[in-house]
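Trainee: kindly generate the corresponding structure for this input.
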Amino acid sequence: MRNLIIAGACLLGVVAPPAFADTTSQTWMNIVEIKKTGDHCVNDSNCFNRYHPNIPAVASANVGDMIVFHTRDALDSEFTLDSVPADLATVDLGLVHPMTGPVSINGAMRECLNAAWLEFYNDPEAWVAVLTGAGRAFCAGADLRPGQGNSAGSWSGSYFEIPTVNSFESGLELWKPTIAAVNGACIGYGLTGAIATDFLLASDQAVFGMPEVKVGVPTIVGSMRIPSKVAWADAMEILLTGDNIDAEQAADIGLAWRVFPHDDLMDEAYALAHRLCQGAPLAVRAVKEVATRSQRMGWVEAVRMGESIRRIVGGSEDAQEGVDAFREKRSPEWKGR
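Mentor: Numbering: from 1, shown residues only. Below you'll find the predicted structure:
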C-alpha cells in the first residue's frame, strides 16, 4: 500500500556515509578477518550452519570496515585441486551449508532505523509509519555481550559539536502519524523509540523496561520521555528500579495505548494506519505539529502559530478537494499537496 511504510527493526540494511580514500591502497581501512579454526564446521568456533538470532557473533565491526571471511565449500568437504570424481563418495550429504560468522555491525540498528525514518520523512507517498520488530522481540536494547560493541550507535565529536537530536527517538521532528506495534520485549533503547511514536500498540506478550541503572549507564532521552507519558511515581518506578512491567500494567499506567492478543497485533496496527490515512495528510500533519509544539508555548503564541499553519494548509489542493468532495457528496481523493 502506497500510504504505509513498515520499519522492521531487524530487517533493514546498513546505510553508511561515503568514505573518501586512496583506493589503490587498503591501508586506510580497518580490516576485520574471520578465519577458519578447524578441519570441519563442527570443530570451528567461527562456523555456523543456520541463521538464528540466538547465535552469538564471533566478532564485531564498525560501519565502513572491511570484513574478510575465510569460507568453506558448500559441503564442508576436503576437496582440493587434485580431487578426483571418486572422492565424491566420501562426502557427507547430510551436512548443512557451513557459514563463517556471524559478525555484528556496531551501531547498525540505530543507523538502519535512522535511515528508515528519514526515508519515511522524505517520501511524499508515505503517510503513516508502523514500527515493529522482526522476530520474538520488538527491540531488546543494546547488546551487552563481550565483543558486540555499541549497538545503539555512536558518533564522532563531542555533544557541543554535534547535536544529539539526531534520530527519531531523540527528538527528530516528524509530523506524519507513527505507530509502534510492540510484539515482544521492548527494553531500553527499544522503549525509548516506541514511546516516541503517536500510538503504542502492544501484544499481550510484550514486556517493557529501562534496565540502564542495573548496568550502570543512565538513560537520558528515556528519562525525559517517560515522565511525559505516565504519572511521576510510575515513571520513577520504571526508570529507577530497572524492573520490567508486562503489557497489562503498561496499559494501566498509560505507557501503552492498547493491548491486543499477540496474533492480532499487526492486523490492528494496519487497521489503525488505514484509519489515519482517511484524513487529508497535510491537515493531519498540521494538527499533530500544532498539538506538539503548543505544549511548550504560551496560549497566544500557540494560537498565532496555529493560525499561520492553517493559512498555509488552507491554500493546498487537498483543502479545495475536501470542500469539493463535501459539496458533491463523494469521498475525497487526497494528493498530499
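Trainee: please work out which residues outside stretch 280-292 touch it.
Mentor: Residues outside stretch 280-292 that contact it (C-beta atoms under 8 Å, 6 or more residues apart in numbering) are 127, 175-177, 198, 276, 302, 305-306, 309-310, 312-313, 316, 318-319, 321-322, 332, 334, 336-337. No exception for glycine: its C-beta is placed from N, CA and C like everyone else's.
Trainee: in strands only, show me those residues.
Mentor: Judged by DSSP state E, strands contain none of the contacts of stretch 280-292.
Trainee: which ones among those residues are found in helices?
Mentor: Taking DSSP state H, the ones among those that sit in helices are 276, 302, 305-306, 309-310, 312-313, 318-319, 321-322.
Trainee: and these, which are buried?
Mentor: Neighbour counting with 16 or more other C-beta atoms under 10 Å marks 276, 302, 306, 309, 313, 318-319, 321-322 as buried within the ones in helices among the contacts of stretch 280-292.
Trainee: export those to TSV and tack on pLDDT and distance to V42?
Mentor: Formatted as TSV, those follow (pLDDT from 0 to 100; distance: C-beta to C-beta, whole Å):
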residue	pLDDT	distance to V42
L276	95	52
A302	92	67
G306	93	67
I309	93	64
V313	91	64
D318	92	62
A319	91	67
E321	90	65
G322	92	66
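Trainee: I253 against A231, yeah?
Mentor: Yes - the pair I253 and A231 qualifies as a contact (C-beta atoms under 8 Å) at a distance of 6.7 Å.
Trainee: looking at the two, which has the bigger crowd around it?
Mentor: I253 (17 against 11; other C-beta atoms under 10 Å).
Trainee: so how far is I238 from the more buried one?
Mentor: Distance, I253 to I238, by C-beta to C-beta, to the nearest Å: 9 Å.
Trainee: shared neighbours, those two?
Mentor: With C-beta under 8 Å, 6+ apart, I253 and I238 have common neighbours 230, 245.
Trainee: helices of this structure, start to end?
Mentor: Counting by DSSP H, the helices of the chain are 108-122, 189-194, 221-229, 232-241, 247-252, 265-276, 281-293, 299-314, 317-327.
Trainee: ok, F260 to D204 distance?
Mentor: Going from F260 to D204 by C-beta to C-beta gives 7 Å.
Trainee: who has more neighbours out of the two?
Mentor: F260 (18 against 15).
Trainee: what number of residues lie near the nearest residue to that one once chain neighbours are set aside?
Mentor: Closest residue in space to F260, ignoring its immediate chain neighbours: E268 at 4.9 Å, by C-beta to C-beta, 6 or more residues apart in numbering. By other C-beta under 10 Å, the residues close to E268 number 17.
Trainee: show me the shaky parts of the stretch 101-250 of the chain.
Mentor: Applying pLDDT under 70 to the stretch 101-250 of the chain picks out residues 107, 142-170.
Trainee: list the contacts of A181.
Mentor: 130-132, 138, 201, 203, 265-266, 268-269.
Trainee: and which of these is nearest to F48?
Mentor: Within those, the smallest distance to F48 is 24.9 Å, found for F138 (C-beta to C-beta).
Trainee: just checking, the closest one touches A206?
Mentor: Yes - judged on C-beta under 8 Å, F138 makes contact with A206 at a distance of 6.8 Å.
Trainee: quickly list the domain ranges of the chain.
Mentor: Per automatic domain parsing, the structural domains of the chain span 4-10+107-276, 31-105, 281-327.
Trainee: number of nearby residues for C139?
Mentor: As a burial measure, C139 scores 29 neighbours (other C-beta under 10 Å).
Trainee: same deal with D252?
Mentor: Applying other C-beta under 10 Å, we find 14 residues neighbouring D252.
Trainee: quick one: contacts for it?
Mentor: Shown in contact with D252 (C-beta under 8 Å, 6+ apart): no residues.
Trainee: and with 10 Å instead?
Mentor: Contacts for D252 (C-beta atoms under 10 Å, 6 or more residues apart in numbering) come out as 230, 234, 245-246, 259.
Trainee: same question, W175
Mentor: Applying C-beta under 10 Å, 6+ apart to W175 gives the contacts 121, 281-282, 284-293.
Trainee: make a PyMOL selection of the buried ones in the residues you listed.
Mentor: Command for PyMOL, covering only those of those found buried under the criterion 16+ other C-beta under 10 Å:
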select buried, resi 281+282+284+285+286+287+288+289+290+293
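Trainee: overlap in contacts, I253 and A231.
Mentor: Residues touching both I253 and A231 by C-beta under 10 Å, 6+ apart: E237.
Trainee: so G64 is in contact with N30, correct?
Mentor: Yes - contact criterion C-beta atoms under 10 Å: G64 and N30 qualify, at 7.7 Å.
Trainee: okay, these two: which has more neighbours?
Mentor: More crowded of G64 and N30, by other C-beta under 10 Å: G64, with 14 against 11.
Trainee: how near is that one to N114?
Mentor: From G64 over to N114 the distance is 16 Å, taken as C-beta to C-beta.
Trainee: again with A269
Mentor: According to C-beta to C-beta, A269 and N114 sit 21 Å apart.
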